[in-house]
Every structure is written in C-alpha cells, then in structure tokens.
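[1] using only what follows, build the 3D model:
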Amino acid sequence: MVKRSSIIATLFMLFTFCIILPLFISPVMASSPTKQRIYDYAELLTDEETEKLESLAEEYSVKRETDFIILTTNDTKGKDIIPYMQDFYDEQGLGFDKEHGNTAILTIDMEHRDIYLAGFYKAKELLNDERLDSLRNKITPDMTNGNYYEAFQTFIVSGSKYMGIRFGLNPDNLIFQLWFQAAVAIGLGTAIVGAMAYNSGGRVTINSKTYEDANTSRVINRRDQYIRTTTTKRRKPQSNSGGGSSGGGGGRTSGGHSHSGSRGSF
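    Numbers count the residues shown, from 1 in each chain. Now for the predicted structure:
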C-alpha cells in the first residue's frame, strides 16, 4: 500500500511539472532581422533605437507568425491616417506569411498627433478592436511624453502577449493567466490521482435507497402557491465618446483587405 501511494504521488508530481514548466519558458530566441519592419519617416528614433526595435520586431513576429510594423510620418499627403495606413499596406505588400498577410501595424501621424493601430488576417482575429483599444491606451502616455522608443517597444511586446491570451481573460494580467492555467493543471492532476486511488480500493455499495421502505416512505403533502410577479424598467446608460479623442474601428483597404482597428490622439 505504501509503495502504491509513493508511485501515485510521483506520477502526480511529474504530471504537474510537465504542464506548468512550459508556461514559464519563452519559446523564442532573438534573431537577426530578415526584413524591414520599422518605417520611421518622422525620424522619431535614433539609429540605435531603430536597430533594437528591428531585432525586437523580428523576434516577436516569428513567435506569432505576424509582422509587427511601426509606421511614422510627418506628411500623410493629404490623407486621413486610416487610408494612409491602408494604402501603405497595399503598396508594400506587408505580411509575415505572404504578401498582404498576417500584420499588426502601429501608425503615427505627427502632423495631426494621431495614432492608429490595425490588425490584418491572423492579427485581425487575435487583436480585435477591443484589444487594440487596450493596447492604444497603454502606449498613449509614452507618446504624449515623447517616449517614442518605449511606446513602440510596448506595442510589439504587449501586442504579442495579447495574441497569446485566449479571449475571456484580461490581456493585461499575464500573471493571472499563468496561475489560472497552473491551477487548472493541478486540479486536473488531483482528479486523475483521486480516481486512481479510488479505483485501487473497495467500492461503496450502500446508498440512500438501501434502508428505505418504499411502502412507508412517501411524500405526505405538496403545495405550489403563486404570489406575484414584479417587473422593473431601467433606462439604458448612454455611452460617452470622450469628445472625439478616440474611435475608428476596423475597415477595408482599397485592395480588399479587411482589418481591425483603434484610433486616438496623443
């Protein structure tokens, strides 16, 4: 009996370790950039910062099979920021997997102080409008304070993190996600070990019917009494647009490529 308990305990520890360990190990190693992903036409970055962001974008683009693109400009050629980004996507043929493929783009219009984030194909599904809103809110303070490198770094790293979190969990709380998954793994392991321990012993055959006399045990009286129904109506609260500082949403390029989106100012 002691030997069997030791074997079960050992199996449980190995099972839990194998599930939890991969959660804390990064599967991606840094690599040299294979193509351009930072288009800093507004010259907000130093050469060193551009080089670092190119390496960072390469790493996380490979990890998510989605190109993380940063586009800055002082002149949108008379276009609004959204069609400017859309035309850039079409003309450059952006995409990790193919031309006009998986892409997440952060576009900065310095002339009008506008920000627009967009996701194409895989990024459209995993970085929907709501998640892009959250990501935009995260980088806006750094943009306002002129910390452009930090804002762009956050876009790449947090954008990748959001893509790896299933819907229904808070994308800004990765620690919660890890512990939630660990708790599920431990719970599953406990259930398996419990089932093994239960099956290794005798079975209980006594239940609530064992000593019950069907001839003398019965319901004496039953009564259902309806009293009343009350209905309360409340006015639906109206949304606040925030004075036009944010908005946008997704759209479609002239080339027919649909995307998610989030727009704001800084």
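
[2] name the spans of the stretch 101-250 of the chain whose pLDDT lies under the cut-off.
    In the predicted model of the stretch 101-250 of the chain, residues 168-248 satisfy pLDDT under 70.

[3] buried set for the helix or strand containing M143?
    Element membership of M143, judged by DSSP states H and E, is helix 129-144. By neighbour count on 16 or more other CB atoms under 10 Å, the buried set for helix 129-144 is 129, 131-136, 138-140, 142-143. Yep, even glycine has a C-beta here, placed from its N, CA and C like the rest.

[4] now do stretch 150-165
    Buried, per 16+ other CB under 10 Å, within stretch 150-165: 151-156, 158-163, 165.

[5] of these, which belong to helices?
    Cross-referencing those against helices under DSSP state H gives 151-156, 158-163.

[6] save those residues as a markdown table, and put in distance to K124 too.
    Converted to a markdown table, those look like this (distance: CB to CB, whole Å):
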| residue | distance to K124 |
| --- | --- |
| A151 | 22 |
| F152 | 21 |
| Q153 | 23 |
| T154 | 20 |
| F155 | 16 |
| I156 | 17 |
| S158 | 17 |
| G159 | 13 |
| S160 | 15 |
| K161 | 17 |
| Y162 | 13 |
| M163 | 11 |
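
[7] show me the two of the buried residues of helix 129-144 that sit farthest apart.
    Taking CB to CB as the measure, those span a maximum distance of 21.5 Å, between D129 and D142.

[8] show me the protein divided up by domain.
    2-8+175-200, 30-174+251-265 (automatic domain parsing).

[9] and those, which is most packed in?
    Sort the domains of the chain by mean neighbour count, taking mean count of other CB atoms under 10 Å, and domain 30-174+251-265 sits at the top with a mean of 18.

[10] now do the contacts for T34.
    Going by CB atoms under 8 Å, 6 or more residues apart in numbering, T34 touches E58.

[11] from now on call the first residue 53
    Okay, residue one is now 53; in that scheme the one you just asked about reads as T86.

[12] so where do the strands sit in this protein?
    In chain order, the chain shows strands spanning 90-92, 119-125, 155-161, 166-172, 298-299, 303-304, 310-317, with DSSP state E as the criterion.
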